[in-house]
Each structure stands twice: as C-alpha cells, then as structure tokens.
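**Q** For reference, the sequence and a predicted model appear below.
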Amino acid sequence: MAQESVDLSCDYQFWMQKLSVWDQASTLGTQQDTCVHLARFQEFLRKMYEALKEMDSNTIFERFPTIDQLLAKACWNPFILAYDESQKILIWCLCCLINKEPQNSRQSKLNSWVQGVLSHILSALRFDKEVALFTQGLGYAPIDYYPGLLKNMVLSLASELRENHLNGFNTQRRMTPERLASLSRVCVPLITLPDVDPLVEALLVCHGHEPQEILQPEFFEAVNEAILLKKISLPMSAVVCLWLRHLPSLEKAMLHLFEKLISSERNCLRRIECFIKDSSLPQAACHPAIFRVVDEMFRCALLETDGAPEIIATIQVFMQCFLEALEKENKQLRFALKTYFPYTSPSLAMVLLQDPQDVPRGCWLQTLKHISELLREAVEDQTHGSRGGPLESWFLFIHFGGWAEMVAEQLLRSAAEPPAALLWLLAFYYSPHDGRQQRAQTMVQVKAVLGHLLAMSRSSSLSARDLQTAAGQDTETDPRAPAQQLIRHLLLNFVLWAPGGHTIARDVITLVSLSGVQHPSTHFCCR
Amino acid sequence: MESLLQHLDRFSELLAVSRTAHVRTWDPVTVRRALQWARYLRHIHRRFGRHGPIRTALERRLHNQWRQEGVFGRGPVPGLASFQALGHCDVLLSLRLLENQALGDAARHHLVQQLFPGPGVPDADEETLQESLARLARCGSAVHMLRFNGYRKNLNLQEDSLMKTQADLLLERLQEVGKAEAEGPARFLSSLWERLPQNNFLKVIAVALLQPPLSPRPQEESEPSIHKTPGEGSQALVHWLLGNSEVFAAFCRALPAGLLTLVTSRHPALSPVYLGLLTDWGQRLHYDLQKGIWVGTESQDVPWEELHNRFQSLCQAPPPLKDKVLTALETCKAQDGDFEVPGLSIWTDLLLALRSGAFRKRQVLGLSPGLSSV
C-alpha cells in the first residue's frame, strides 16, 4: 500500500509536468506527445480515482496540494477529454474534491469551483460565437444539436477526402499534407467514437497523391488496436488499406492471433478456425502483399517451434479459410493463385493449388504420384539452386493438408501393393529433413504397418490393442518421433475407413491420446 | 393521460426555473425529485415517442404552453423548447443546474452525486445519465478538435457543415412552430431577425432554402431531423421573405450572386421580387461621362460590377429563370428607348456586357461563335 502511494506521487509529478507542457494541445508537438500518452494517462487517472475516493476533501488536499491544478489542466486539453473514458474518470476525480459539509467560505468556494469545472467539461467547448448565438436564439442547447453537427462535419470531411483522392489534377482543391496529418492526429483519441467511423474509413482508404506516407503512425496504431480489441467496426477495404500502409499493424494482428491460439488451452480445429476467421486475416490475405507477410510469419513460427504440429494445423486451417475468402472475392479483382506463391515452380504450384475434392476418385493415384514426383525432383535437385531446398518444398506442401489426408486414405483403402511414390510422400510430410537412407527405412516401416493393417481389416474382430501391437507401437520408442506420428496418423485413418473400424474408434483414440502428444488428427476426429 | 400532461407542465416550469436564482431555495429532495421527473419523461418519450395519440397530446400541450407564454415574439423558450427535447430532458436539466452557481451547497452535492455515481453496473436497456453526459463531453471535444484541426469553410455555403447544421435547426424549429400556431413562423422569424446577428442569419436562410427535400423516415431521437414534410419550413421562409421587403433587400444585398441564383431557381416565387430589386438598383445608377462608367449617387447604391455579376449569374441558370431574366432586361431596355449605343441606358449596357461575356466564354470553351441565345 505504501509502495503504491509512493508510485502515485512520482507519477503525479510526471503528469503534472506533462500537462503543463501540453497546455491545450494546439501545436503539432504537443498533439503528438499527448496522443502517445493518452492510454497511460487514463490509467493514471484511474489509479488516482481509486486513491481519492477513499479520502475526504481535506485529506486529499493535504496529500496532493495541487490536485485542483492538475485536474483543471487536464480539462483544458481536448485530446484528453475526447479519449475513451478519460472525461468520465476526470469527472469522478473532481467529484471527490467536493466538501460534503463545507465549514467555511473557502471550502464553499472550492465546491463552487468544482461545479464550474464540471460545467465546463460538459458545456461542449463553444467555438463559433455566431453559431452559438444562433442556436441559442432558436432555443436549442448543445445537447440538441452537437451530435448532428458532429455527423455533418465528419461526413463533409470524409467526402472532401474522397474528392481529394479522386481529383488528382485539380491542385487547388487538394488537401494539404499538413491538414491530412493534423486530421489523423485528431482522430487518435476519437477512434472508438462511432460517429467518427466514416472519417477514419476515409482517411485509411483515400491515400492522396504524395509518394510518402503522410498520416501519423499513432493514428494507424490506434486504429489497429481498436480493430484487434473489436472496439471499432470498419469495412474490410479499410482494414486492408491499414495493413498495406502500415506493416507493423499487420504484424501486430498476426501476433495477436498467435497469442490467442497459444493462450487458449485446448485448441480443437473448430476453435482455431473461429479465431482465424475472427481476425479478418484470411480475407485481407486475398491481397498478395498481405498474404506474403502472413505466410512469412507462419514460416518463422514453424522454424521457431521446429515444425510443431499445432502450427501446421493452423496453417492448414488458414489456407482453407483463405481459399474460401478468395472464392467469395470479386472475380474481376482476383489475382491468379500463383501470385501468392511466387517462388514455387509453376508446375508444382498448379498441381498443389487445385482442390483435392475436385479430383475424381479414379485419378487419385495418378495425381498423388505426380505430386510425389515433382516434390521429389524439387527436393533432391539442389544443384540448380532451387530456393531453400527441401524446406521450401515441404513448407509449400504442408499448406495443403488435403493431400496428406488423401495419401493416407489411398494407402489404406487400396488392397494393392503400396506404391513407393506415396510412401515417399507420407514420409516426406512427416520428416522433411531425413537423409535418403533414413527415409527409405521409414518407408519400409510404413509398408510393414500397412501390411498388418490390411490383414487385420480382413479379420472379423478387431481390438484396439491388437491394432497397437500391429502398428509396432510400444512404450519404448519416442512417441514424438516423426515415424511414430506417421503411424498414429495411419491408425486413426484406418479406424475411419476400415469396415468395423468405428467400433474400436474410441478405444484407439484414447490409446493414441494417452501417449500424451497432441496430434492434428485427434483434432480432426473431434469434428 | 391528464397526469402525464400535468407532469409535462410542471417539468417545463422546473426547467425554466433551473436557470434562475430561484434554485437557491432548492434542497436535495427537490433536486432528486426534479431528476426523477426528467427520467420519467425521458422514458415516456422513448416508449411513446412514435406513438400517435400520446405524442400528439404531448406536442399539443407544449404548443399551448408556448402560445400562452407568447414566446414567438419574445425570445427563446424558457422551458421545454421542442418535443425532441424530451428525449434528453434529463441531460438538459442536469446541465442547467450544473451551470447555475446559485445552487446551495447541499443541493449541489446531491446533484453531483446523482449525476456521477461512479463506476458501476451499466444499465442494459437505456443509457444512464452519466453515460449520456460523458458522451456529450466526448462529442463536444470531437467537434472542437475537428473544427480547429481539419475543418475548412466550404466556399459553397450550402455544403458547409456548420451552415447545414444551423439550417437544419432553423427548418426544424419552423416546422414545430408552424404546428403550434399558423402565424407562428412569421412572427418567430421576425423576432429572430431583430435579435440575432443578421449576416449569419441571412446565410442560414439561404442554405435552408437549398436543403434537399428528404424522403420520409422514422423519427430520430436525439438529433434534430427534418421531419416527414420538409417543404413546410422552406415555405414558411419564402412566405416571410416575400412579406418583409426590408429583409429581402438585405438578403439580396448580402449574399453572393451564385447563391442567390441557386435560391431563386429553386424557389420561383422569389424571382419576380429579386428581379424587381435588381431593376430598382439599376435605375439608381447614372452614367458618368468623364469616367465612362455607371455610378451611383449614394454610397449604399449597388455598384455596376455587382449588378453585372448578379445578372451574369442569373443568365447561367437553367431555362425558366434565365428566360425570365432576359425578358425582363429586354423590357427595361425597350422602356428606356431601346438604344443600341452604350452610355444611354443601363439596360442596353448590361445586355451588351452579358452578350460579350457569353461570346468570350464560348471562345474560351472552343464553341463556334454561332448565334448566341443572348
């Protein structure tokens, strides 16, 4: 408690000084500085209120003799009054100063003064003498017309911005960069006021004619923050413009998504999909520049976590949502799918980007073999300086979970000898870094398991335990090893596709989950 | 119903008193009761504001009040000024009391406690008074900041946001006054003319006359809105202008040519009077042989340039008006003797200037110098 009050005194001095410098925030410098500190100042006000409400007026003045000056200075700064809840908290603080039963004239005067300041905050800062006289003469009070006035001003500014954007050649009617920058600064405290939305949208979408960015970074940050916290609702076109114009905002949006995914305990695919769709990133990614940044961040996350299955699952869900969003986009503005993967070989991109569900059953084997060939070529052919080597190809491949699923299904449903190409594909999917020998070994292992499973599928009774033994799963091998993951994946698929598999499904899943490792397929089974 | 109407009466009185020194006698109980009444009426407005019979009854009662107080001639209404005001009558009352330094200590303390109870559970249905007040403060700051950091006066007055807002308010008030009393708008406008800064008032009238007629839409609660029959306010304005020649003369003198042309095109009833004025002004000028220009005798006479300007603007208006103007000019010219030589009749000279101006314009635009319609 004592430490808190010491902190408060230090903060008090700091803010007192700041407020004195800012005064009425009428210059570029003071406006910028105020904008940067708005959130922290509001926190300070909250802390002050918590302290003040426990004391009576006399005690307050003993503790903070200049409190009246501090609060009054804050009231003169329109940026502070306009921001979020600061005006409310200021009012509460002022109310604490009132003496319940004034003993002398000084206390009475103080009460009067507080009343005056409260009235000033609410009297809506008259600016135009003529306008004020006119409205008063008509019998209207500010509460009657200020909302309408604000709306008119906002719409008028928004349409001026749009005209500025479209009217390239008419230099007389152009908005000066200073005015644009000023407007963006002024919007920072107002972002969460719904009446100002049209202006915010216009500022984002209409980028004028200067080659460099004019709007203040504080503006972009404030808008992005509001979007992430759902405190503002803007059309998609405005959000895309924001992320294209201000890269840190896009990065922050991705980080926000990652944080949500990490902090949420059990992430089933449905929840991942919810989070992703909620973030508006799939729709925004329809713009190739944004897609590239998002993809790059996914790649970094994958590298950092050493290929964690959770990240792979997220990428796959993201791709699904992205392709859905792309489908809905205006067909005239659509970019070719290849634009999103500029570094891949065209043939590989073309085949991977098709929808697995579009491939007729009869052609599965052929298509998968083709994919396998192309990937193998890209992976094993390092002499021609293909970008990044196996990792790049693998990164591309894992974007599309549908193919891996198709391979598993094809292998389990066909009674024929499992083709080497498909085995290679599966082994590659789970372990891209393996050398030739290691991969060959894995392929042999998988072939054996498949043989067992096939034999079991013909038998009349199945038990989960039999399945596990057949799959060669035991407690000694590391469950995290890629080969084990692969085999688990096959097991789960088997349970889905084999006749009679459903009966032991639950047991199998329990056994698999007991190994303690979360597997994307377990999520898939949750569906 | 009767008790509701009495409530309305008493609240209106209360509101009027809240501005005066009389509040010195108010104690906390009075303050609390006043706020309760306000809350009650606000609730009524929200629930029944769109409901035919109750709304009509309330409006009629308010209009009665205004008539009795004879407010149309005297000045702004002391109590409730419009039906819309009921939607935020609690805010109105609160602000008036807060502004009133005559309030006693006990009453003041109680008022502040009632208005700003502090953080708490927000009301799910309606916005609390505290929220409304906070929002007003925020809105006020927003307007202030936009005004000084982004707003630029629009040279086309009818598109300027400050002008438009004032015009909207004027039209709304006129409509309401018109409903209260048939002759209300005329008297009301005359009283405004005497009380308010006239230059601004004239501009607002012009902008009001140019506001687009809106399609009927449901009542908005907090903002002044143009009601289902927007033409009424404009009609009242035109009627008043036509009935007050001194005002109309000032109107035509003070406002720019382009604006007047737009107004006259939109409201054809004004064009004969406008033309009549222009004719009068023209006749006051005489030709100065030495300087070779048309001049006035007194300082307040409209100079040649301005006269020319206005006629030029009128000639660029769409057909019905343009033709009327030309016909008027030709008639005047004929009455003067139908001279073709400059320097003898101002009307000849005006027509010559207009024609050559039109000719030059056609040249600049690259049009063929064919028969101009001037």
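**A** Ah, there it is.
**Q** Next, the contact list for the one residue in the stretch 251-374 of chain B that gets nearest to chain A, please.
**A** Of the residues in the stretch 251-374 of chain B, the one nearest chain A is B:Ala254, at a distance of 13.9 Å by CB to the nearest CB. From N, CA and C alone the C-beta is placed, and that goes for glycine too. Taking CB atoms under 8 Å, 6 or more residues apart in numbering or on different chains, we find B:Ala254 in contact with B:Gln198, B:Asn199, B:Leu202, B:Lys203.
**Q** Name the residues of the helix or strand harbouring the third one that are buried.
**A** Spelled out, that is B:Leu202. Taking DSSP states H and E as the criterion, B:Leu202 maps to helix B:198-210. Applying a neighbour-count criterion of 16 or more other CB atoms under 10 Å in any protein chain shown, one finds B:Asn200, B:Phe201, B:Leu202, B:Lys203, B:Val204, B:Ile205, B:Ala206, B:Val207, B:Ala208, B:Leu209, B:Leu210 buried in helix B:198-210.
**Q** same thing with stretch A:227-241?
**A** Of the residues in stretch A:227-241, those buried by neighbour count under the rule 16+ other CB under 10 Å are A:Ile227, A:Leu228, A:Ile232, A:Leu234, A:Ala238, A:Val239, A:Val240, A:Cys241.
**Q** pLDDT below threshold where in the stretch 351-500 of chain A?
**A** Scanning the stretch 351-500 of chain A for pLDDT under 70 picks out A:382-389, A:460-482, A:498-500.
**Q** gap between the residue of the stretch 101-250 of chain B found nearest chain A and A:Ala141?
**A** Ranked by CB to the nearest CB, the top residue of the stretch 101-250 of chain B for proximity to chain A is B:Gly140, at 2.9 Å. Taken as CB to CB, to the nearest Å, the spacing of B:Gly140 relative to A:Ala141 amounts to 12 Å.
**Q** between those two, who's got more neighbours?
**A** The neighbour count for B:Gly140 versus A:Ala141, taken as other CB atoms under 10 Å in any protein chain shown, is higher for B:Gly140 (26 against 20).
**Q** so that one sits in a helix?
**A** Yes - the assignment for B:Gly140 by DSSP: H, G, I helix; E, B strand; the rest coil puts it in a helix.
**Q** just to revisit the earlier point, from the buried residues of stretch A:227-241, which land in helices?
**A** Secondary structure defined by DSSP state H assigns A:Ile227, A:Leu228, A:Ala238, A:Val239, A:Val240, A:Cys241 of those to helices.
**Q** out of those, what pair is the most spread apart?
**A** Taking CB to CB as the measure, these span a maximum distance of 16.1 Å, between A:Leu228 and A:Cys241.
**Q** Can you pull the poorly scored residue ranges out of the chain?
**A** Defaulting to chain A. A:1-2, A:124-127, A:168-173, A:208, A:330-333, A:382-389, A:460-482, A:498-501, A:503, A:508-527.
**Q** ah, no, chain B please
**A** Low-confidence segments of chain B, defined by pLDDT under 70: B:70-76, B:121-126, B:214-230, B:359, B:361-374.
**Q** check contacts around B:Ala269.
**A** Contacts for B:Ala269 (CB under 8 Å, 6+ apart) come out as B:Val238, B:Leu242.
**Q** make it 6 Å
**A** B:Val238 (CB atoms under 6 Å, 6 or more residues apart in numbering or on different chains).
**Q** How about the secondary structure of it?
**A** Following three-state DSSP, the label given to B:Ala269 is helix.
**Q** residues in the stretch 251-374 of chain B within reach of chain A, list them.
**A** Nowhere does the stretch 251-374 of chain B come near chain A, counting by CB under 6 Å from any CB of the partner chain.
**Q** Now the closest residue to chain B within the stretch 201-350 of chain A: closest residue in space that isn't a chain neighbour?
**A** For the stretch 201-350 of chain A, the residue closest to chain B is A:Leu203, as judged by CB to the nearest CB, at 10.1 Å. Nearest in space to A:Leu203, with sequence neighbours left out and distances taken as CB to CB, 6 or more residues apart in numbering or on different chains, is A:Ser184 at 5.8 Å.
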